[in-house]
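*Asks:* here is a sequence together with a model predicted from it:
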Amino acid sequence: MNKENMTKKFKVVLFDVDDTLLSFQGYVQESMKVGFDHFGLKQYEEWMYKVFTNTNDKLWRQIEDGTLTFEELKKIRWNMVFQELGIDFDGIIFEAWFRDRLFYNAILEEGAIEILDYLKERYTLCVVSNGPYDQQVNRLKVGKLDKYFKHVFISGKVGHQKPTREFFDVCFKEMKEAGMPDLKPEEVFIVGDSMTADIGGGKTYGLETCLYTKYKESHGDLSLIDHSVKNLLEIKELL
């Protein structure tokens, strides 16, 4: 399908937040460095970030599967990371500090503003994110991204997590009631970094999927990926 036909096909573009529009990786690396110094822990080294990523990804997959809640994650995440790193410190205390800083943090992904400026006159733009509602909304405001989005769908308010069908049901219900009563899944394009939450959830619901691969290589069922980009500005070639 050529670009002209794709442009005519879509009405809505959905964007994930963390490691798609905002750099969660950049925030975590900065916070580990500053936080370890603040609490008098080991000096941060680059390899330690991978320990966090492995633990965090595993826990979020459990949340997406419905076998773990976000409140449970907050109680165990940093304790698990510290155990792997050989650090004797209360992970719940560090989690509270970590999340307080995250609330006010917005490290923009390269090309985020430019691609939203490009798309805003062409499509209805919406956010689809897992996480606490107030936190994610405030981070979008801090990053001056909130003005681009007609709808902000956050699991903390939606009541369901990506990739569940119920999450996307709520999104479509609100978009239809807000002026697009005939909106079809195939008219919606989703961009995100998660093969499970964004690509798997989107494809199962019938959306056109685009994997953002700056931080992760494609893995799993590659047939779920309609498009992939390493830089957000590559989306101009698709839409």
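*Replies:* Now that the structure is in, tell me what you want to look at. Since this is a predicted model, take the numbers as computed values, not measurements. Residues are numbered from 1 along each chain as shown.

*Asks:* low-confidence stretches in the chain?
*Replies:* Within the chain, the ranges that satisfy pLDDT under 70 run 1-8, 216-220.

*Asks:* now do the strands in it.
*Replies:* Taking DSSP state E, the strands of the chain run over residues 12-15, 124-129, 151-154, 188-192, 208-212, 227-229.

*Asks:* quick one, which of the ones you listed is nearest to residue 43?
*Replies:* strand 208-212 (31.5 Å; CB to CB). Using the backbone N, CA and C atoms, a C-beta is placed for each residue, glycine as well.

*Asks:* so what does that closest one touch, helix or strand wise?
*Replies:* Strand 208-212 makes packing contacts with strand 188-192, helix 201-205, strand 227-229 when contacts are defined by 3 or more CB pairs under 8 Å, 6 or more residues apart in numbering; DSSP states H and E.

*Asks:* partners of it, with directions?
*Replies:* Strand pairing for strand 208-212, using DSSP bridges, gives strand 188-192 (parallel), strand 227-229 (parallel).

*Asks:* which residues touch it?
*Replies:* With contact meaning CB atoms under 8 Å, 6 or more residues apart in numbering, strand 208-212 is reached by 9-10, 16, 19-20, 186, 188-193, 195, 198-199, 202-203, 218, 224-230, 232, 235, 238.

*Asks:* now stretch 185-194
*Replies:* Residues from elsewhere that reach stretch 185-194 (CB under 8 Å, 6+ apart): 9-16, 18-20, 64, 123, 128, 162, 168, 172, 198-200, 202, 205-216, 229, 232, 235, 238-239.

*Asks:* check stretch 221-230 too.
*Replies:* By CB under 8 Å, 6+ apart, the residues outside stretch 221-230 that reach it are 191, 195, 199-200, 203, 208-214, 218, 235, 238.

*Asks:* make a PyMOL selection of whichever of those turn out to be buried.
*Replies:* With 16 or more other CB atoms under 10 Å as the criterion, this PyMOL line picks the buried residues out of the contacts of stretch 221-230:
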select buried, resi 191+195+199+200+203+208+209+210+211+212+214+235+238
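
*Asks:* list just the nearest of the contacts of stretch 221-230 to residue 60.
*Replies:* residue 195 (11.8 Å).

*Asks:* now the end-to-end length of stretch 215-222.
*Replies:* 17 Å (CA to CA, to the nearest Å).

*Asks:* on that earlier part again, kindly reformat the strands of the chain as JSON lines containing distance to residue 135.
*Replies:* Below are those laid out as JSON lines (distance: least, CB to CB, whole Å):
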{"stretch": "strand 12-15", "distance to residue 135": "17"}
{"stretch": "strand 124-129", "distance to residue 135": "10"}
{"stretch": "strand 151-154", "distance to residue 135": "9"}
{"stretch": "strand 188-192", "distance to residue 135": "18"}
{"stretch": "strand 208-212", "distance to residue 135": "21"}
{"stretch": "strand 227-229", "distance to residue 135": "26"}
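
*Asks:* buried sites along the longest helix along the chain?
*Replies:* Secondary structure of the chain per DSSP state H: the longest helix is helix 48-65. For helix 48-65, the neighbour count (16+ other CB under 10 Å) marks 48, 51-53, 55-56, 59-60, 63-64 as buried.

*Asks:* what residues does that helix touch?
*Replies:* 25, 28-29, 32, 68-70, 73, 76-77, 80-81, 84-85, 130, 161-163, 194, 196-197.

*Asks:* residue 181 is nearest to which of the strands paired with strand 208-212?
*Replies:* Minimum separation from residue 181 across these (CB to CB) falls at strand 188-192, 14.4 Å.

*Asks:* on that earlier part again, among the contacts of stretch 221-230, which one lies nearest to residue 39?
*Replies:* Of all the contacts of stretch 221-230, residue 39 sits closest to residue 214, with 29.9 Å by CB to CB.
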